[in-house]
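> predicted coordinates and the sequence they were generated for:
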Amino acid sequence: MRTSNSANVADASTFSFGSVNVGSTLDVQFTITNDAAATNNLTIPASLTAGGAYSIVAQPTSTSLAAGASTNFTVRFTPVSGANSYSFSFANNDSNENPYDITFSGTGVPACVAPNAVTNITLTPGAGIISGVIDAPTGGATGYLV
């Protein structure tokens, strides 16, 4: 199995969605190719039971793959804050990879929030010092990039 950027995702491995801002989503398309000589029949769940931060948003176009045929499905990561993981598996008739198991992992990170307003700015030429007041929004993330 491969991702849309051709990264291999082996049976019994972990696929990382990386760090994604809480409140955002990241979709990854996976491609299953039948490299065997016989037809491979897949049973991909319609939803991820107790998947939490992960969901299937595009089902495979085919669940019966002739030799050399491929099909795609898409998983969406909608993180909550901190580490997120889910063990995913699908049945097939490949004798050495049934079921095909993958652990999805990813981290939900707070998004930077822009301040509401910056006031009382003082700039001292040549001193390299800027001072002022930042009117911070209430709630949400408290980290700012300056």
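Nice, I can see it.

> going forward, measure contacts between C-alpha atoms and count neighbours the same way
Will do.

> count of neighbours near Asp35?
Asp35: 14 surrounding residues under other C-alpha atoms under 10 Å.

> quick check: it touching Ala67?
Yes - the pair formed by Asp35 and Ala67 meets the contact definition of C-alpha atoms under 8 Å, at 6.2 Å.

> tell me, what's touching those two both at once?
With contacts defined as C-alpha atoms under 8 Å, 6 or more residues apart in numbering, no residue is shared by Asp35 and Ala67.

> if Asn8 is in a bridge, with which residues?
Arg2 (DSSP bridges).

> same question, Ala58
Applying DSSP bridges to Ala58, the residues it is bridged with are Thr74.

> residues contacting it?
By C-alpha under 8 Å, 6+ apart, the neighbours of Ala58 are 73-75.

> so what's Tyr54 closest to, chain neighbours aside?
Phe77 (4.7 Å; C-alpha to C-alpha, 6 or more residues apart in numbering).

> same check, this time on Pro45
Residue nearest to Pro45 in three dimensions, not counting chain neighbours: Phe90, with 6.9 Å by C-alpha to C-alpha, 6+ apart.

> look up how far Gly108 lies from that neighbour.
Distance, Phe90 to Gly108, by C-alpha to C-alpha, to the nearest Å: 26 Å.

> so which of these two has more stuff around it?
Set Phe90 next to Gly108 and count neighbours by other C-alpha under 10 Å: Gly108 wins out with 23 against 14.

> so that one touches Ser81, yeah?
Yes - Gly108 is in contact with Ser81 according to C-alpha under 8 Å; the separation is 4.4 Å.

> overlap in contacts of these two?
Common neighbours of Gly108 and Ser81 (C-alpha under 8 Å, 6+ apart) are Val22.

> so the residue nearest to Ala36 when sequence neighbours are not counted, which state does it fall into?
Residue nearest to Ala36 in three dimensions, not counting chain neighbours: Ala67, with 5.7 Å by C-alpha to C-alpha, 6+ apart. Put simply, Ala67 is coil when judged by DSSP: H, G, I helix; E, B strand; the rest coil.

> neighbours of Ala67, just the number please.
Other residues close to Ala67 by other C-alpha under 10 Å number 14.

> who's in contact with stretch 90-104?
9-17, 40-45, 85-89.
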